[in-house]
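1. The following block contains a protein sequence and its predicted model.
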Amino acid sequence: MLFNQIQLDLSASGKSFDAFAKSHPLSRQQTVDISGHFYRPLTTFLWGLTPIVSELTGADLLPSYDYFRIYQKGDICRVHSDRPSCEHSMSLTLVYGDGLPWPLEVGSVPVKGEGPCFDGFGDEPFSAVEMQPGDAVLYRGIDLRHGRTQPNPNQWSAHLFLFWVERGGPFEQHAFDAQRLRSELKRVSNLDT
């Protein structure tokens, strides 16, 4: 339903997904990225999930940011760890173009904060979670490397990524992620030119 709503709203505004395509260091191909900072239903979804994710993590959480992304056939998500605004991360699969599961892989060796991107895990053991539409994986994005190293088997796939920080914790200043908002404002201002 969320994917369909995004499509309807874009169509009503005279835009297509292509208007939001960009190159990204995590991907081999351009991805469609829509920030929750600029699309209220995504922000509403993030805020609505906050009490549930707080209960699941056992922590008092504050929303950081979220975004919608479409990956193309054959693309990967390079293995990486996240920046401080992603203390608690959720990857939610919305829909697959061809209905073929595309697993999320999460490493098992703790890391310290944001790190470089790699095409694989090397010798690090990892778990692969085969996700169906509607499935979500909750993990600590700053502590565990993660990605999708197997090429996307679908013509396209749509995902929602949501992030939180702990109230009173070492990353609390990243709540509501002003850094991401500034970068998104700059990117969106370039769409109209």
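-> Structure's in. What do you need? Owing to the predicted nature of the structure, the values given are computational and were not obtained by experimental measurement.

2. Can you check the pLDDT for the residue nearest the centre of the chain?
-> Centroid check for the chain by Cα atoms, centre = their mean gives residue 161 as the closest residue, at 2.7 Å. As predicted, residue 161 sits at a pLDDT of 97.

3. what sits against it?
-> 66, 67, 69, 89, 90, 91, 92 (Cβ atoms under 8 Å, 6 or more residues apart in numbering). To be clear about C-beta, it is placed using only N, CA and C from the backbone, and glycine gets the same treatment.

4. do residue 147 as well
-> Neighbouring residues of residue 147 by Cβ under 8 Å, 6+ apart: 26, 76, 77, 78, 79, 80, 104, 105.

5. For residue 147, which non-adjacent residue is spatially closest?
-> Distances taken as Cβ to Cβ, 6 or more residues apart in numbering place residue 79 nearest to residue 147, at 3.8 Å, with adjacent residues excluded.

6. burial of the one you found, as a residue count?
-> Using other Cβ atoms under 10 Å, residue 79 has 24 other residues around it.

7. before we move on, what about residue 171?
-> 19.

8. let's have the chain start at 37 instead
-> Taking 37 as the first residue, the last one we looked at is residue 207.

9. on that earlier part again, using TSV, please lay out the contacts of residue 183 together with distance to residue 182, secondary structure and pLDDT.
-> TSV is the format used below for those (distance: Cβ to Cβ, whole Å; DSSP: H, G, I helix; E, B strand; the rest coil; pLDDT from 0 to 100):
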residue	distance to residue 182	secondary structure	pLDDT
62	10	coil	94
112	12	coil	97
113	8	strand	97
114	10	strand	97
115	7	strand	97
116	7	strand	96
140	7	strand	98
141	6	strand	98
